[in-house]
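*Asks:* Fold the following and give me the result.
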Amino acid sequence: MHRRKSKRWIASVTTVSTSPPPGLFTKDADTIARTLASKKVSPKGPVSGLRMLLYFINRAGKGLSVARRRELEKAKKLLSQRVARAKTSRKKS
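*Replies:* Here you go, the predicted structure:
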């Protein structure tokens with residue numbers, strides 16, 4: 001008999017230099033945004049964290065519940081605002 005592989009392969013995808021802590025994407029939007037914007041997780045800044053979040057959302061696809069997708073979209077909005085603030089503060093200096 002052949003066993004089918006799980007379609008949820010996103011859990012095993014990480015990069016060598018940066019990866020979010022396990023279980024991060026199951027937390028609330030504020031925690032996700034704050035953690036992904038931190039230098040420990042995203043040494044290149046919040047843009048890198050935003051890319052990680054978008055990657056997760058895109059790869060999870062139909063496997064996300066409506067509530068989880070809503071929370072992740074809220075985190076994406078918060079991170080986008082951080083990126084915009086960082087860009088405007090960089091222009092002023």
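
*Asks:* Going by C-alpha atoms from here, please, whenever you check contacts or count neighbours.
*Replies:* Noted.

*Asks:* Could you point out the longest helix of this structure?
*Replies:* As assigned by DSSP state H, the longest helix anywhere in the chain is helix 66-92.

*Asks:* and that one, what other elements does it pack with?
*Replies:* helix 29-37, helix 46-60 (3 or more CA pairs under 8 Å, 6 or more residues apart in numbering; DSSP states H and E).

*Asks:* go again using 6 Å as the cut-off
*Replies:* Secondary-structure packing of helix 66-92 (3 or more CA pairs under 6 Å, 6 or more residues apart in numbering; DSSP states H and E): helix 29-37.

*Asks:* center of the protein, which residue is that?
*Replies:* Against the mean C-alpha coordinate of the chain, by CA atoms, centre = their mean, the closest residue is residue 53 at 2.1 Å.

*Asks:* Let me know the pLDDT of the nearest residue to it once chain neighbours are set aside.
*Replies:* Using CA to CA, 6 or more residues apart in numbering and skipping the chain neighbours, the partner closest in space to residue 53 is residue 76 (7.0 Å). For residue 76, the pLDDT comes out at 96.

*Asks:* From residue 19, how far out is residue 76?
*Replies:* 17 Å (CA to CA, to the nearest Å).

*Asks:* Perfect, that will be all.
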